[in-house]
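J.: structure for this input, please:
(2 chains)
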Amino acid sequence: MFKINYEDKEARAGKLYTKHGIVETPFFMPIATKGTAKQVSPDELKLIGSQAIIANAFVLHLKPGLEVLNNFKGIHKFMKWDKTIFTDSGGFQILSKSFLHKADEKGVYFKNPFDGSKKFFTPEDIIDIEEQIGSDVAMALDFVPHYGNSKDYIAECTRITHLWAERCLKSHDAKRQLLFGICQGGIFKDLREKSAKFINNLDFDGIALGGLGIGEGRENMFNTAQIALHHIDNAKPRYLMGVGSPEDLIDCVGLGIDCFDSRFPTMNARHGGIFTSQGKINIEKVQYKNDENPLDENCKCPVCKKFSKAFIHHLYRTHEPIRDRYGNIHNLYFIQNLMKDIRKSIKNNEFNQFKKDFFKNYKLNKNKNTKFTYS
RNA sequence: GCCCUGGUAGUGUAGUGGCCUAGCACGCGAGCCUGUCGCGCUUGCAACCCGAGUUCAAAUCUCGGCCAGGGCG
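T.: Numbering: from 1, shown residues only, chains lettered A, B, ... in the order given. Coordinates of the predicted model:
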């Protein structure tokens, strides 16, 4: 169940009710594909302000496997996270050469990257796995095309996504967990509209926008999200999968998105990219060698409370493993704090002013439309 | 004093006459990362100990010097 409590133009603040608690929206989920956020413990995630995380059903089904998870009566008790857990279906792994063997409208042939074995999964299989894992919110299996695939191909992926969506819904036990559907369509207006309408018309508990943030660039992403949102019920929670960066989160909340997840904060942290109120910096640069200030002057995270830029810089330069923890904790805290501020500003009807103030200080990267490819 | 061996980016190395405007790794600099298998990706910087020869052509061969390591006295 989802309830909107405040609206400020398109932006909304509300509550998503799940079996493991209420999630205040809009919110961001750290990624815990294998049942843990990289380098950060559940207790720390709570301190950081995370209300929910997202794990990966397909990956967990490979390791540790459903038998183990069933012995623990589900993922929550296994990983010791008693708040909300989403599970991604594995649809995104279709983009990955190391996972995908082939896919057609019957289902997906996934490779097990650990031992090379191939196995066929129907949408029903995936739903069954997600139910057994015991997440609070399951994601439907979708067929994610690469950015840059032909329109014909993307139309076909979208068609299959729709077939799968219906089958996921049909086989899903609504009493056990919430189920979100995912629209596709690439950045093609007609395909995206059609897909948003189709998924919206099914009885999902939430609607996700999939296949974005994969190289199309900010402008295409915003335009596409906006197009899709026109055809999605206002009352349903909207989830933009795979986003993202501080700047994208703010802008997308402004479009009316309630829910996000992304590896962006943690992946950046592992590569030296640190979020600050002035913009993203690379902590490995020499200019921080003697900098006694915290990573971000305005941050109250445990890392900023204690350490200097110079020390963190040193940890990165010397490849000390703990640098990943500090970087991840800071970046995740930065994002959770941002979401908290965003929620507050919506409640006070000051979202636009908040956004303006944020971008006054936050320097955007020069190259915003860099393409990258999954392998 | 004599003999041997070796001197290639900051470091470690590849290269024994033309394929070397010298390769690789680490380093240093710049950029990137968006439903994570990934301490990753892209790109730039930086060297043939010195001198004289041989040769159409030398990091590579010869001679002298300097330096380092080893052996003999």
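J.: give me the neighbour count for residue A:180.
T.: A count of neighbours around residue A:180, defined by other Cβ atoms under 10 Å, yields 23. Using the backbone N, CA and C atoms, a C-beta is placed for each residue, glycine as well.
J.: and what of the one 5 residues further on?
T.: A count of neighbours around residue A:185, defined by other Cβ under 10 Å, yields 29.
J.: try residue A:83
T.: Residue A:83 has 18 neighbours, counted by other Cβ under 10 Å.
J.: residues of the stretch 1-150 of chain A that sit close to RNA strand B?
T.: A:31, A:33, A:37-38, A:54, A:56, A:59, A:88-89, A:91-93, A:96, A:98, A:113, A:139, A:142, A:144 (Cβ under 7 Å from any atom of the strand).
J.: got the residues of the stretch 201-350 of chain A near RNA strand B?
T.: Close to RNA strand B, as judged by Cβ under 7 Å from any atom of the strand, the stretch 201-350 of chain A has residues A:208, A:210-211, A:213-215, A:218, A:241-245, A:248, A:261-264, A:266-268, A:270-273, A:282, A:284-287, A:317, A:319, A:321, A:328.
J.: buried only: go through the residues you listed for me.
T.: A:208, A:210-211, A:213-215, A:218, A:241-245, A:248, A:261-262, A:264, A:266, A:268, A:270, A:272-273, A:284, A:328 (16 or more other Cβ atoms under 10 Å).
J.: inside strands: which ones of these?
T.: Members of these lying in strands (criterion: DSSP state E): A:208, A:241, A:261, A:273.
J.: any stretches of chain A with poor pLDDT?
T.: Counting by pLDDT under 70, chain A contains low-confidence ranges at A:366-375.
J.: distance from the centroid: which residue in it tops it?
T.: The centre of chain A is farthest from one residue, residue A:290, which by Cα atoms, centre = their mean lies 35.3 Å away.
J.: pretty sure that one is touching residue A:311, no?
T.: No. Taking contacts as Cβ atoms under 8 Å, residue A:290 lies outside contact range of residue A:311: 10.7 Å.
J.: what sits against the residue nearest to residue A:90 when sequence neighbours are not counted?
T.: Spatially, and ignoring its direct neighbours in sequence, residue A:90 is nearest to residue A:58 (2.8 Å; Cβ to Cβ, 6 or more residues apart in numbering). With contacts defined as Cβ atoms under 8 Å, 6 or more residues apart in numbering, residue A:58 is in contact with A:88, A:89, A:90, A:93, A:99, A:110, A:121, A:126, A:129.
J.: switch to 10 Å and redo it
T.: A:33, A:87-93, A:99, A:108, A:110, A:112, A:121, A:125-126, A:129-130, A:141 (Cβ atoms under 10 Å, 6 or more residues apart in numbering).
J.: list the ones among these that fall in strands.
T.: Using DSSP E, those in strands are A:87, A:88, A:108, A:110, A:121.
J.: just the buried residues out of the residues you listed, in PyMOL syntax.
T.: Buried residues within the ones in strands among the contacts of residue A:58, by 16+ other Cβ under 10 Å, are selected in PyMOL with:
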select buried, chain A and resi 87+88+108+110+121
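J.: so which of the ones in strands among the contacts of residue A:58 would you say is closest to RNA strand B?
T.: Nearest to RNA strand B, judged by Cβ to the nearest atom of the strand, of these is residue A:88 at 3.7 Å.
J.: go ahead and confirm the closest one touches residue A:261.
T.: Yes. Residue A:88 is in contact with residue A:261 according to Cβ atoms under 10 Å; the separation is 8.0 Å.
J.: quick one: residue A:113 and residue A:101 touch, right?
T.: No. The pair residue A:113 / residue A:101 is not scored as a contact, 11.0 Å apart, by Cβ under 10 Å.
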